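A.B. asks: What follows is a predicted protein model with its sequence.
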Amino acid sequence: MSVSRKDFYAKGYATGIDVLNQKEVADVRRDFQKFEQEIGKENAQYSLHNVHTQHPWVLKLATHTNVLGALKPILGDDIVLLDSRFICKYPCQEMDDGEKYVAWHQDVRYWGIEGDVISVWLAIDDADVENGCMVVIPGSHTNGILNHQSAKTDGNMLTSNQEIPSHLFDTSKSVPCPLKAGQMSLHHGHLVHGSEANNSSRRRCGFVIRYVSTSAKPIIDPDRPRKFESTVLVNGKNNQKNFSDNSPSWFTWRH
């Protein structure tokens, strides 16, 4: 499936994009299982942040030809990996800390970026409505950055506990984005999205990666200093040098 720049900017997202073949999915699941065993399921839910600079198999996921091929029509050829995180939602009955969900939010609310941020949600497991796949509000990226507040319901997986009040958007327009393992979706950093708890007996694990064009810039805010210590130039050239290229020495396959 090719991604149309026009369609992406009209809806704010694209979904059902094939990335990994069956062998690649099996390999990624095997590698992720090592993380699970090392740090435990509770920590594997949201703590695996920016490990792409430590593990070659993770950076190979983030630089997969099919991932970058879908991003280039939107961001151009010069692309920086901004941030990454594994998000793993286990069946509610397996965890002792209650139901986990992701509140309605926009990715860039607290990021401080001038320019478009595109998020990839790459499915390690099948993701569907029953186990809490991502749900989006099409077109909501055109409304700018909305006000966020602290979530009122326990179990929000977002570290900042952010939530957009429901009166600021129309939840009746929500669309689920189910994915098969090995598929991905893309969404604009301003798109309102979230996900419900995992009410199935199956794990729902995904790899979330944020990308920007090299022409994007970090916003300097003394009241809220931000560090981008894991940025990696994954495609093209970094002539603007708005973000440092923190490529590990073993990253030898840049496109």
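C.D. replies: Cool, got the structure. Numbers count the residues shown, from 1 in each chain.
A.B. asks: what residues are up against residue 173?
C.D. replies: Contacts for residue 173 were tallied using C-beta atoms under 8 Å, 6 or more residues apart in numbering; they are 137, 138, 139. All C-beta atoms are positioned from the backbone trio N, CA, C, and that covers glycine.
A.B. asks: what number of residues lie near the residue nearest to the second one when sequence neighbours are not counted?
C.D. replies: It stands for residue 138. With sequence-adjacent residues excluded and distances taken as C-beta to C-beta, 6 or more residues apart in numbering, residue 138 is closest to residue 11, at 4.8 Å. Neighbours of residue 11 under the rule other C-beta atoms under 10 Å: 20.
A.B. asks: Check residue 11 and give its pLDDT.
C.D. replies: Residue 11 carries a pLDDT value of 95.
A.B. asks: quick revisit: neighbour-wise, which of the contacts of residue 173 leads?
C.D. replies: Busiest of the contacts of residue 173 [other C-beta under 10 Å] is residue 137, holding 22 neighbours.
A.B. asks: next one: phi and psi at it?
C.D. replies: Note on residue 137: backbone dihedrals following degrees, to the nearest 10 are phi -110, psi 100.
A.B. asks: Thought residue 169 was touching it, still the case?
C.D. replies: Yes. Counting by C-beta atoms under 8 Å, residue 137 does reach residue 169; the two are 5.5 Å apart.
A.B. asks: How is the spatially most central residue of the chain assigned, secondary-structure-wise?
C.D. replies: In the chain, the residue lying closest to the centroid (C-alpha atoms, centre = their mean) is residue 208, at 2.7 Å. Three-state assignment for residue 208 (DSSP: H, G, I helix; E, B strand; the rest coil): strand.
A.B. asks: Excluding covalently adjacent residues, which one is nearest to it?
C.D. replies: Counting by C-beta to C-beta, 6+ apart, the nearest residue to residue 208 once its immediate chain neighbours are dropped is residue 85, at 5.1 Å.
A.B. asks: what's the one you found in contact with, if anything?
C.D. replies: By C-beta under 8 Å, 6+ apart, the contact set of residue 85 is 46, 48, 49, 50, 207, 208.
A.B. asks: Dump those residues to a markdown table, plus pLDDT and distance to residue 24.
C.D. replies: Written out in a markdown table, the entries for those read as follows (pLDDT from 0 to 100; distance: C-beta to C-beta, whole Å):
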| residue | pLDDT | distance to residue 24 |
| --- | --- | --- |
| 46 | 88 | 24 |
| 48 | 96 | 19 |
| 49 | 96 | 23 |
| 50 | 97 | 22 |
| 207 | 98 | 12 |
| 208 | 96 | 18 |
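A.B. asks: Which one of these sits in the busiest neighbourhood?
C.D. replies: Among the contacts of residue 85, residue 207 has the most neighbours (other C-beta under 10 Å), with 24 neighbours.
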